[in-house]
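Student: what shape does this take:
(6 chains)
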6 protein chains.
Amino acid sequence: MSAAPPQLFRPDARTADSLRPIRITPGFIAMAEGSVLIEAGNTRVLCNASVEQGVPTWLRNSGRGWVTAEYGMLPRATLTRSPREAERGKIGGRTHEIQRLIGRSLRSVVDMKALGERTIILDCDVLQADGGTRTAAITGASVALAIALQKLVAAGTLKTSPLRQMVAATSVGIVDGNVLLDLCYEEDSRATVDMNVVMLASGGLVETQATAEKDSYSRAQLNAMLDYAEKGIHELFAAQQSALAAGF
Amino acid sequence: MSAAPPQLFRPDARTADSLRPIRITPGFIAMAEGSVLIEAGNTRVLCNASVEQGVPTWLRNSGRGWVTAEYGMLPRATLTRSPREAERGKIGGRTHEIQRLIGRSLRSVVDMKALGERTIILDCDVLQADGGTRTAAITGASVALAIALQKLVAAGTLKTSPLRQMVAATSVGIVDGNVLLDLCYEEDSRATVDMNVVMLASGGLVETQATAEKDSYSRAQLNAMLDYAEKGIHELFAAQQSALAAGF
Amino acid sequence: MSAAPPQLFRPDARTADSLRPIRITPGFIAMAEGSVLIEAGNTRVLCNASVEQGVPTWLRNSGRGWVTAEYGMLPRATLTRSPREAERGKIGGRTHEIQRLIGRSLRSVVDMKALGERTIILDCDVLQADGGTRTAAITGASVALAIALQKLVAAGTLKTSPLRQMVAATSVGIVDGNVLLDLCYEEDSRATVDMNVVMLASGGLVETQATAEKDSYSRAQLNAMLDYAEKGIHELFAAQQSALAAGF
Amino acid sequence: MSAAPPQLFRPDARTADSLRPIRITPGFIAMAEGSVLIEAGNTRVLCNASVEQGVPTWLRNSGRGWVTAEYGMLPRATLTRSPREAERGKIGGRTHEIQRLIGRSLRSVVDMKALGERTIILDCDVLQADGGTRTAAITGASVALAIALQKLVAAGTLKTSPLRQMVAATSVGIVDGNVLLDLCYEEDSRATVDMNVVMLASGGLVETQATAEKDSYSRAQLNAMLDYAEKGIHELFAAQQSALAAGF
Amino acid sequence: MSAAPPQLFRPDARTADSLRPIRITPGFIAMAEGSVLIEAGNTRVLCNASVEQGVPTWLRNSGRGWVTAEYGMLPRATLTRSPREAERGKIGGRTHEIQRLIGRSLRSVVDMKALGERTIILDCDVLQADGGTRTAAITGASVALAIALQKLVAAGTLKTSPLRQMVAATSVGIVDGNVLLDLCYEEDSRATVDMNVVMLASGGLVETQATAEKDSYSRAQLNAMLDYAEKGIHELFAAQQSALAAGF
Amino acid sequence: MSAAPPQLFRPDARTADSLRPIRITPGFIAMAEGSVLIEAGNTRVLCNASVEQGVPTWLRNSGRGWVTAEYGMLPRATLTRSPREAERGKIGGRTHEIQRLIGRSLRSVVDMKALGERTIILDCDVLQADGGTRTAAITGASVALAIALQKLVAAGTLKTSPLRQMVAATSVGIVDGNVLLDLCYEEDSRATVDMNVVMLASGGLVETQATAEKDSYSRAQLNAMLDYAEKGIHELFAAQQSALAAGF
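Tutor: Sure thing, here's the model as predicted:
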């Protein structure tokens, strides 16, 4: 795909294969077992990990743990205020879809046998939304989860951390025929194809979802998007390591 | 991927790259503008297209139409009865995810300007579930939609059908390390990777969603799954054409 | 009531005291313990019986079983699409009324002591609605129940079937001053009185509900309606026996 | 049916064909257009009629009015407290069934054309429940409705009352093989058959609903129950007239 | 505060520091353990106390009891009918606020250790609303609670009543610059400040809530309102004692 | 009350009449018309003001505006995770009570005529909770509101700001017999009396709510609490002015 990608069309003058500036702040909230504020450009997501005793009914007496996620967006995370889901009395389809994706992604890196009959809930709340909130949530929640599990080890509750490896995610899309990495909202709303990629530190893929919004895409385009996503996710793994190394 | 796929491990003795027997019965229900019963092996989905005047608020006075989908599963479509969503008082996350997928897929083939300010609702109700209900729903709903639009043309309401082309979908996955096309429930529950592919008759992709359930997958495996899916979907397009040719 | 009933005014040219063609297909769904598709003219109801261990709280440790019913109508069972109750987030009053009627009717023929602490749920889902869906549901569910109980006997779970006898139901009404048996939708919408009768094979009545829609009715008219209903239900018992005799 | 009914088995020593003492207090609430407290033995139901401008959507610009009912039971109307439906967040099936019955019964006596595009809502709230609450609600709501309509005439809003005649209702059942009129709770819980009859002052029937709880019933028993009910309802019409004559 | 309060401006010609006529009728409902109809002018609230075995989860095995309240208003308690909360499917904010206030007030006078693991629910249902329903509910519920606890003592279930003292409440406000006791609806709707005061028989305060509706208030005005409220509540304690002395 | 309050018993060694450190950060979120992060010790509340065209139905064509508030708490704002209200499908009573209080408080300082037919929604979301979240929300929302209104003036939409003055709030309580200002969670959970005071910059009171949790309080104690609250709120007004002076 495009050896020398054009450079001047992105709102923030990034090259086509650049991530937005990423910032991961561990310990943002003092109350949670693991807490991280992740910022990708103007997107800001607060990821809190809670460790609870017990597991859902279908896992009782299995000796296995469970990891799940909940996702929310503050009403004024967006330029136009959106009604509060608690007021509307139900979780919307988009929220359901996103929290299922986050949950599955995080479960892929935890050894449930080693976790034992505990549940870890990852609350991902979007304080400000500028595109890529679900992938930022996965990348941030992975760090919050790592912290919470290290604390269980530090407290002597677990011998070793059940976290097998880190997981991270980014978005990629096609705008005006160009493949672009890590779309901001303005790009996302013009994209003809929108893709989310979730990858393990080992390089294995756990989720790839590519959706044509206005036009279909070819196998070649799918591969070009995957190339960009892999590049970006490697940078995210580095950011996660820096955050964890900084202590919390 | 595997030049000579092993042939004897599937519950119904299919080869790895074979679809289950597909049957599309147009006119199953007399009440709807377009009605199709689609059967893929033991999976049976009733797809009904309803044409209504008017569009959602955000499209009013735009001159453009809308296509949406609702998905349901009868309580006893499955081996173990599942509670009725109407009784529980809310649509679950899985249902939301599926009906959003069906809606997006069908919208990708309709010229909304040519449709005008009408809404087409595709009700996809699963009478019996044996894996692949969401992809069967897309393939069947595409036919129901085509019929409903042809009737609008026949009635003189529209000059030409706003349907640009057909869309179809299938599932593919990795079971015991083998890529298999069109998984039945028993295979699906053992799969380590599960993928849904939605494709246009023109060959363009509109949705590719690959999810690792227990293990991650490589780029090579992703490509192998896409190869099988494309082969299967071409057969589905043929089945759709036969059904439409039979008249209704 | 009217010795020689006029014969030519019904949409399908039936005589006043004739049922619509009745068809009962056992084994329509392979997944359920008992499954029947019942068709009365254009009305089509899928009746599935599920056997579950355990009983509601108030019956625990009583040694007695329970039989209950749920009723649903697919959105496009009717000429004009009606919104899905799961989307609206609640069961409507009409649905509640109908599923309570079906449940009571079926409970009247089961020896709960002989059933033991099991619950049988009868899911009655209307695929196409042309009047008389609740009475068709009772007649069909009675067969689905009989099949499910026979399977419990065949499997050695129960020594003898707890089904004491069959139950069946039909509607009757007054249209243009004439008593008519088994109203189709078009007749039902013009009827001044609408009556549902549920009867045991022994001839005992378990439910009679006669509602004046636009005009009241006399005791003589009530008796005339009951005469027609009894005649029709005897034919339904025969149809049930044929279906059961055919094996499943 | 039984020429000389046995007399000593009823909790309050009534004869088999006697109503409980009936008391109708008009003007119980000052706020409503029509307000009545009806007491049948220990059963006490407050029936308030509200007149509102406008009609439901489907009647707009039809020139016709609408009459509807809502039914509620205070949590401690019964010996054992029952949870508040507002707390549970939904109306139960029994409540739905009852308010539909009351609404239909009252609509049968109103000339909707003469009412014009107004809606009358009859709120029937049970303060104390000792059997027969739904039939007491119909009998009381009929008086509340009459009062509200007379006030519209008195105010010059309507020239004549759109009330064509009064409607009243009672229950009847079979206990220990005996037909009994107007069952109290203790009798109702032992009854094998329970019947509600709604009748017009002209003698026409508008609803007859007979339900076998534990045993079926014959045509002869149905007729005996109707005889008792008709006798009782004639006494209720007299009580209604006395209440209306007393002024309000 | 104003030695000689002006006397002629109140709708019912009361002096500024007068309560409306108060009437407390014990035993209004026969079904409840404690039942009281309290009337303050045209405001009428039915207060029923139910005693149930067991306590909420967080109190299990604590040996302590619990007291809670639910508040409802009949749709036609007001001049304009308000929709039924059960129909709307949720409790409104005002209702929540009121029932929390009633519950807290009643809990302040019960020795939970002496009550043991029992729950007392106070259902306060407004039959007619003319201002001050929440304070009337507290005053009436206190009597219903006293009766229910005395019955537990009379039955030998408890040795002595866990009721430490009575609690009562009234409203006070500022209308046209004048402090007025016990506002009726017409006064309440014109008030610039609205205050509720809940006091123990011992003179201790348990709740004081003063809300400026249109204008703020000074410390001096707050004190004047408290003076009036204390005077009124002393009269309410006397009315409670008369009601209890009358027997039930 | 206590001339020289003891100084060493508070968890953070504050004197009895000291506020916790207060920090107000304007412009925390870029998306909202007015955005403020307010921190009072460990309590952190994000207050966003949204300006929307139009008003609720009952104000249409009145020429008047409306101000309302919504309050939420992130699941992990607290030491123990609490379930998300959107998941539970309803707003709890405590949330209702708080958002009604915030809304009333903010409405008391806005000239609705000068605002015109616009609605300002104040979203107050608690990121971390350590007592006093509702009063922090009022103090912060007042600043967010001021900013949003100044922007309407700066944009030329309004000639002058409809904000008449600032409003602020704090809590005060009685712990171990001592009156304490601005309780943290640990103090709040041991308090026998808990009071919230909302005051205008002019010194007028708009809300005073004092609740006895375990013991009642005297008029003298109420006055002592008000003295402390007034002192604290004057400091809050200064903090608000500093934040506004810093520009945004």
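Student: number of residues surrounding the nearest residue to residue A:191 once chain neighbours are set aside?
Tutor: Spatial nearest neighbour of residue A:191, excluding adjacent residues (Cβ to Cβ, 6 or more residues apart in numbering or on different chains): residue A:173 at 3.9 Å. In short, each C-beta sits where N, CA and C put it, glycine included. Residues lying near residue A:173 (other Cβ atoms under 10 Å in any protein chain shown) number 26.
Student: contacting residues around residue A:173?
Tutor: Shown in contact with residue A:173 (Cβ atoms under 8 Å, 6 or more residues apart in numbering or on different chains): A:179-180, A:183, A:187-188, A:191-195, A:225.
Student: ok, of those residues, which come out buried?
Tutor: Listed as buried from the contacts of residue A:173 are A:179-180, A:183, A:187-188, A:191-195, A:225; burial here means 16 or more other Cβ atoms under 10 Å in any protein chain shown.
Student: separation between the closest residue to residue A:42 other than its chain neighbours and chain E?
Tutor: Computed as Cβ to Cβ, 6+ apart, the closest residue to residue A:42 that is not its neighbour in sequence is residue A:130, at 3.7 Å. Applying Cβ to the nearest Cβ, to the nearest Å, the value for residue A:130 to chain E is 33 Å.
Student: residue A:130 is in what secondary structure piece?
Tutor: According to DSSP states H and E, residue A:130 maps onto no helix or strand at all.
Student: return the backbone torsion pair for it.
Tutor: phi -140, psi 50 (degrees, to the nearest 10).
Student: can you give me the distance of the residue of chain A found nearest chain C to chain D?
Tutor: Proximity of chain A to chain C (Cβ to the nearest Cβ) peaks at residue A:90, 7.1 Å away. For residue A:90, the distance to chain D equals 12 Å [Cβ to the nearest Cβ].
Student: same thing with residue A:233?
Tutor: Taking Cβ to the nearest Cβ as the measure, residue A:233 falls 44 Å from chain D.
Student: any bit of whatever helix or strand that residue lives in sitting next to chain B?
Tutor: Here residue A:233 sits within helix A:219-245, counting by DSSP H and E. Yes - applying Cβ under 8 Å from any Cβ of the partner chain, one finds helix A:219-245 touching chain B at A:219, A:222-223, A:226.
Student: for chain A, which spans come out with low pLDDT?
Tutor: In the predicted model of chain A, residues A:1-8, A:248 satisfy pLDDT under 70.
Student: get me the contact residues on it for chain E.
Tutor: Contact residues (Cβ under 8 Å from any Cβ) of chain A with chain E: residue A:89.
Student: give me the spatial nearest neighbour of the residue nearest the centre of chain A, chain neighbours excluded.
Tutor: By Cα atoms, centre = their mean, chain A has its centre lying nearest to residue A:138, at 1.9 Å. Among residues not flanking residue A:138 along the chain, residue A:169 sits closest, at 4.0 Å (Cβ to Cβ, 6+ apart).
Student: separation between the residue with the largest distance to the centre of chain A and residue A:54?
Tutor: In chain A, counting by Cα atoms, centre = their mean, residue A:61 sits farthest out from the average C-alpha position, at 30.7 Å. Per Cβ to Cβ, to the nearest Å, residue A:61 is found 11 Å from residue A:54.
Student: now swap in residue A:113 and tell me
Tutor: Distance, residue A:113 to residue A:54, by Cβ to Cβ: 16 Å.
Student: state the number of residues packed around the residue of chain A found nearest chain D.
Tutor: Distances between chain A and chain D by Cβ to the nearest Cβ are smallest at residue A:89, namely 9.0 Å. Neighbour count for residue A:89, taken as other Cβ under 10 Å: 18.
Student: can you give me phi and psi for it?
Tutor: Dihedral pair for residue A:89: phi 80, psi 10, per degrees, to the nearest 10.
Student: so who does it touch?
Tutor: C:89, E:89-90, F:89-90.
Student: now those as a markdown table including distance to residue C:244?
Tutor: Listed next are the contacts of residue A:89 as a markdown table, based on distance: Cβ to Cβ, whole Å:
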| residue | distance to residue C:244 |
| --- | --- |
| C:89 | 39 |
| E:89 | 43 |
| E:90 | 47 |
| F:89 | 44 |
| F:90 | 48 |
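Student: nearest to residue F:9, of those residues?
Tutor: For the contacts of residue A:89, the residue nearest residue F:9 by Cβ to Cβ is residue F:90; the value is 39.5 Å.
Student: mind checking the SS state of the closest one?
Tutor: Under DSSP: H, G, I helix; E, B strand; the rest coil, residue F:90 falls in the coil class.
Student: residues from chain A in reach of chain C?
Tutor: Close to chain C, as judged by Cβ under 8 Å from any Cβ, chain A has residues A:89-90.
Student: how about the strands in chain A?
Tutor: Listed from the start of the chain, chain A has strands (DSSP state E) covering A:22-26, A:34-40, A:43-53, A:66-73, A:118-128, A:167-175, A:178-181, A:193-200, A:205-212.
Student: and the shortest one, what other elements does it pack with?
Tutor: If I follow you right, that is strand A:178-181. In terms of contacts (3 or more Cβ pairs under 8 Å, 6 or more residues apart in numbering or on different chains; DSSP states H and E), strand A:178-181 is packed against strand A:167-175, helix A:219-245.
Student: quick one: contacts of it?
Tutor: Strand A:178-181 is contacted by residues A:1-2, A:5-6, A:9-10, A:16-19, A:170, A:172-174, A:187, A:191, A:221, A:224-225, A:228-229, A:231-232 when judged by Cβ under 8 Å, 6+ apart.
Student: give me the sheet partners of that strand and which way each runs.
Tutor: strand A:167-175 (antiparallel) (DSSP bridges).
Student: ok, now the fourth one?
Tutor: Under the criterion DSSP bridges, strand A:66-73 sits next to strand A:118-128 (parallel) in its sheet.
Student: quick one: the strand it pairs with to strand F:34-40, angle?
Tutor: Angle, strand A:118-128 to strand F:34-40, by axes from the mean of the first three to the mean of the last three Cα atoms, to 10 degrees: 130 degrees.
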